[in-house]
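Asks: have a look; sequence and predicted model below, questions after that.
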Amino acid sequence: MTVRGEALVTTGAGGTTAQCAACHGQTLQGLTGMPPIARRQATYIVRQLFDFQDGTRSGPSATLMQALVEKLTVDDMLAIAAYTASRSPD
């Protein structure tokens, strides 16, 4: 599952989403105004992605994130969460 997660996170997997590094940084430690996602609990990541997708989550970045997660399946979200949870927070 982390192979699919790595593809989604690092390349966007052929247009399914966008590279997470664009906003969260190359090491996924966050950039100005964007939170770190490396080493976060997988359940937290899945919940956030799902909440962005269904519109439950709001806030300044919600509109941007909704567009990025609209094509993700639950399996995609689980794969992303497994990959980001496995990343070292260096």
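Replies: Cool, got the structure. Numbers count the residues shown, from 1 in each chain.
Asks: pLDDT value on residue 1, please?
Replies: Here the pLDDT value assigned to residue 1 is 57.
Asks: so where's this structure shaky on pLDDT?
Replies: Scanning the chain for pLDDT under 70 picks out 1, 89-90.
Asks: quick one: the helices in it, in order.
Replies: 2-11, 21-24, 42-54, 62-69, 74-86 (DSSP state H).
Asks: out of those, indicate the one that is most buried.
Replies: helix 74-86 (a mean of 20; mean count of other C-beta atoms under 10 Å). The way it works is simple: take the backbone N, C-alpha and C, and place the C-beta from them, glycine included.
Asks: check contacts around residue 23.
Replies: 31, 34, 61, 64 (C-beta atoms under 8 Å, 6 or more residues apart in numbering).
Asks: so it versus residue 44, what's the distance?
Replies: 17 Å (C-beta to C-beta, to the nearest Å).
Asks: again, but for residue 67
Replies: For residue 67, the distance to residue 44 equals 21 Å [C-beta to C-beta].
Asks: right, and residue 88 touches residue 39 too?
Replies: Yes. Under the criterion of C-beta atoms under 8 Å, residue 88 makes contact with residue 39 at 6.8 Å.
Asks: and those two? Which one has more around it.
Replies: Neighbour tally, residue 88 and residue 39, criterion other C-beta atoms under 10 Å: the higher count belongs to residue 39, 14 against 9.
Asks: now do the contacts for that one.
Replies: Here residue 39 is in contact with 84, 85, 87, 88, 89 (criterion: C-beta under 8 Å, 6+ apart).
Asks: and those residues, which is closest to residue 15?
Replies: Nearest to residue 15 among those: residue 84, at 19.8 Å, using C-beta to C-beta.
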